[in-house]
Structure formats: C-alpha cells, structure tokens
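Engineer: the amino acid sequence is not available; the structure is as follows:
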C-alpha cells in the first residue's frame, strides 16, 4: 500500500549557492548616490547646465546637489538666430534680443546657485556662446561678469563667445601681393560697425587675481594701463575687434604663468613676443598680418600653424630642443622659389622631435615637396587631403621618403568634388612605393573617409602591399552601399598582411 504524503510537513527547501545568486533588487546599493554632495556637484559640472539641473528629478537624494555645481554652460547653435528678426522687433520695448533662452538660463542658473549654496560653492566656470550677439545683451553679460568677479575667490575660467561663425573667411583666396595685410579702407568700415555692435569687456576683468582661463571670441579689448593676471594659464583670442595688436601683446605679457596661447584671426596683430614665460602650447591660426613671432620654446610641447606659406623669418624659437607635436594647415600657398626655400628653413627649426604629427590642409605642389627637409625623428604622420589624382599619390611617396623612421601613418581622405580620377596614372607604379619606412618601420596605417574611388584604391594597394611589418590597419568607410563596401573590405583584406589586425568602421552620417 503506497505511503501517503504527510501534508503537514513543509516542502524541502533547496539551498542556493551564495556565490552565484544576486541580491534582490531592493537590497542593491546605489553607490553613486552615496557620494558626497561636493563630488556629485563636481561631476555634474562637466555637463551643460540644463542637463545638470535635470539631475534634481532623479531622486530625493539629488534634490540639493545642483547647489554644489560650480560651472554654468549655455550655448546656442549656429543659425539659431538667423530668422528671428520679427522677435527682435516684438521684444524691442524690453530691449531684449532673441537669445532669451540663453539670457534667462544663465541668469537663473547663477541665481539658483547663489541661493542654494551661498558663498560655500562659488561658480568657478562660465561658458556661453551666442549665435549672433546683439548690443542689448551687453547689460546681461555685464551683470554676469560682475557677479563672478565679486564672489569668486579660488579660481575662474571664462569662455565667452559672442558670435558663432567661421574663424576666417579670407583663407581660401587672400591676396598674395600684400602678404595678408588688411587694407585701411576695409578696416575703417569694419571699425564703424564693430564699435557699436560688439561687446566691450569690463576693465575690472583685467585685474582678476584668480582668473586661470580666458577664451574670447568676437569682442573688443580696452584694457587699463595696468593689467594684473597672476594666475592666467590659458589664453585664446579669436577675432578680437578694433585692436592694433598692442592690447593683445600687453595681455599676453600680463600672465607670468601663461602656458597655453592661441591666437585666431587677430587681424592687425603684427608681432608676437613671449620670451619672459615658458609656453607649452602655441597656436597661430589665420593671423595673416603677423610678420614676426618670437617665443621661448624650451618647454614647448605643441605648435600649430594655419595660414599661407610662411616665410623663414616668421618664427623664432629660443631654446628649442624639438617639439613633439606640430600641426600645419596651408590655406593657400605662394609657390615662389624664395618662399619654398624659406619654408624649408622654417621646418628645419621646428622638426627635431621624437614624435611628429604633421597636418597638411592644402594642395601639395612639387616645389614644396622638393624643399621638404629630412624628418629623421618623425614617427607619426597625419595627412588631411583627398586622393585627387596620381600626383597626390606621388606626393605621398615623396613625403614618406623623407621620414625613414615613420611608424604610424594616418590619411584623412576627405571627400572632394574636384577629384580627378581620370589621371590616376599607371597601375604599375607599385615598385616606386618600396620605401624603407614602409618595409621596415610602419606598423599602423589608418584611412579615414575611405570611399574607394580609383585613386584611393591605387594608393591603398600601393601602401598595403609594401607595408611588410604592418601590425594594425584601421579603415573608416564613408556612408554608402553596404554591398560595395563589402567588396572594398574584401579587396583591402587581400592587399594587407595576413598577420595584421584589421579594423573596419562604417560612418552613419
């Protein structure tokens, strides 16, 4: 007779291994919310202010964290104010421009931070960008800067952009006859406009003892006779209006701790001298009137130049032992022989480092290539140029021959509507790419925006078949047909070494 089950006994429980089971969701610990308010506020300070403010709705724990945020950031996008003329006239009685979202946002954020945290957590960073500044907005900007200068006691970082636009519109075709010097009539006309419509920085700003970072775009400088910025480390001036260059030079000289200097499209600047401080980064972009630059380069780690083909007398580096990173963009070059010789002598001064990054943003000509010096210590090379024709492929070979110790080669093959694939040259030119650096040194090749036209395919085949010690290949395709990209991928894999790591990426733009 079968034994009946005793229903009064509880069912047998199976013990679980505590090492393999997860705690119930209710007992999981929120480690981020357990951090102190000061740490959470510091993390949120890296976000735009709107995003940082939304953190208050995450949980009750985050309700007061915004009071510990020490940065305010509001930015418009280029073109946001392009069609707002009706709003300008409707807001005329209030004398308030169309950037009301930015104006109200910055004012509300400063007021909120002041009321939440008092003077315990002062704002240390202010960043804003107007799509198109209106002179009505100057009152608001004055209030913001007055508030920061009044309450900031530790450090202050300012990034003030009053107009979002292209840095320089003259680069594609500036005059070669005047060597980039602006005409007086053009300057006078622009001065009349800028004197009324551009923002004038308050004089008190130039005596801020805690100012560490100052980035200015499209505004006016009128500093006092005595400028005192003892903590200034980073200075970037872009499109500074109505300035003969003396104010800029005085501002540069006022920072004894200056390490990072960037000058962009400062129209009337003729001379730059930084001999009493040791810069680590220096950038000169689209300052076509500059004729002489003299800097202490004993600790210089990065140098960037954008503009026309420079003369040998432009740059004077004192105490330079080699610059690890150099970026060069040619907007339009003057290919006279005297200029080419000066170009060679200039690069003979700066290209001595252990690691070299060279960008080329303009056309490559035979005269320039013939004057290239030998880059014995260059190990990294980046070229920004579309593979237009067979002449560009030959130019790549000439450059590689001047870099015997090259290890990393990167090609940014930007799309160019003027690409001439009819003159790609003979396919039997592979023997000309038997270059020592390719055969013995180059271990990594990167090709960005690879579209697979005839000239690009020839260049890729010549490089990959001669790269005998290649370890890593990275190819980024332009958006296109997936079937054709699969064919290009298979083609590249056949050209490259079997022992190399191959990475293929597909752009979604």
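Structural biologist: Nice, thanks for sending it over. Note that the structure is predicted; figures quoted are calculated from it, not measured.
Engineer: roughly how far out does the helix or strand harbouring residue 327 sit from the chain middle?
Structural biologist: Per DSSP states H and E, residue 327 falls inside strand 325-330. Chain-centre distance of strand 325-330: 13 Å, with CA atoms, centre = their mean, to the nearest Å.
Engineer: and for stretch 299-315?
Structural biologist: With CA atoms, centre = their mean as the basis, the mean position of stretch 299-315 lies at 17 Å from the chain mean.
Engineer: cool, stretch 456-469 as well?
Structural biologist: Centroid separation for stretch 456-469 versus its chain: 30 Å, with CA atoms, centre = their mean.
Engineer: cool, stretch 198-210 as well?
Structural biologist: The answer for stretch 198-210 is 25 Å, by CA atoms, centre = their mean.
Engineer: quick one: the strands in the stretch 351-500 of the chain?
Structural biologist: Ranges of strands in the stretch 351-500 of the chain, per DSSP state E, counting those that start in this stretch, are 380-384, 408-412, 444-450, 472-477.
Engineer: pairing partners for the second one, with directions?
Structural biologist: Okay, so that is strand 408-412. Neighbouring strands of strand 408-412 in its sheet, by DSSP bridges, are strand 380-384 (parallel), strand 444-450 (parallel).
Engineer: so can I have CSV of those strands showing mean pLDDT and mean neighbour count?
Structural biologist: No exception for glycine: its C-beta is placed from N, CA and C like everyone else's. CSV is the format used below for the strands paired with strand 408-412 (pLDDT from 0 to 100; neighbours: other CB atoms under 10 Å):
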stretch, mean pLDDT, mean neighbour count
strand 380-384, 83, 19
strand 444-450, 90, 20
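Engineer: need those in TSV with distance to residue 131, can you?
Structural biologist: Output for the strands paired with strand 408-412, formatted as TSV (distance: least, CB to CB, whole Å):
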stretch	distance to residue 131
strand 380-384	27
strand 444-450	28
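Engineer: what is the neighbour count of residue 80?
Structural biologist: For residue 80, the neighbour count with other CB atoms under 10 Å is 17.
Engineer: touching, it and residue 130? I think so.
Structural biologist: No. Applying CB atoms under 8 Å, one finds residue 80 not in contact with residue 130, separated by 9.2 Å.
Engineer: would you map the helices across the stretch 201-350 of the chain?
Structural biologist: Assigned by DSSP state H, counting those that start in this stretch, the stretch 201-350 of the chain shows helices spanning 246-253, 337-350.
Engineer: where among these is average confidence lowest?
Structural biologist: With a mean of 58, helix 337-350 has the lowest mean pLDDT of these.
Engineer: what about the strands in the stretch 51-200 of the chain?
Structural biologist: Under DSSP E, counting those that start in this stretch, the stretch 51-200 of the chain gives strands at 71-75, 125-129, 156-161, 199-200.
Engineer: can I get these in JSON lines including mean pLDDT and distance to residue 455?
Structural biologist: As requested, the strands of the stretch 51-200 of the chain are exported to JSON lines (pLDDT from 0 to 100; distance: least, CB to CB, whole Å):
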{"stretch": "strand 71-75", "mean pLDDT": "92", "distance to residue 455": "39"}
{"stretch": "strand 125-129", "mean pLDDT": "94", "distance to residue 455": "39"}
{"stretch": "strand 156-161", "mean pLDDT": "95", "distance to residue 455": "39"}
{"stretch": "strand 199-200", "mean pLDDT": "92", "distance to residue 455": "48"}
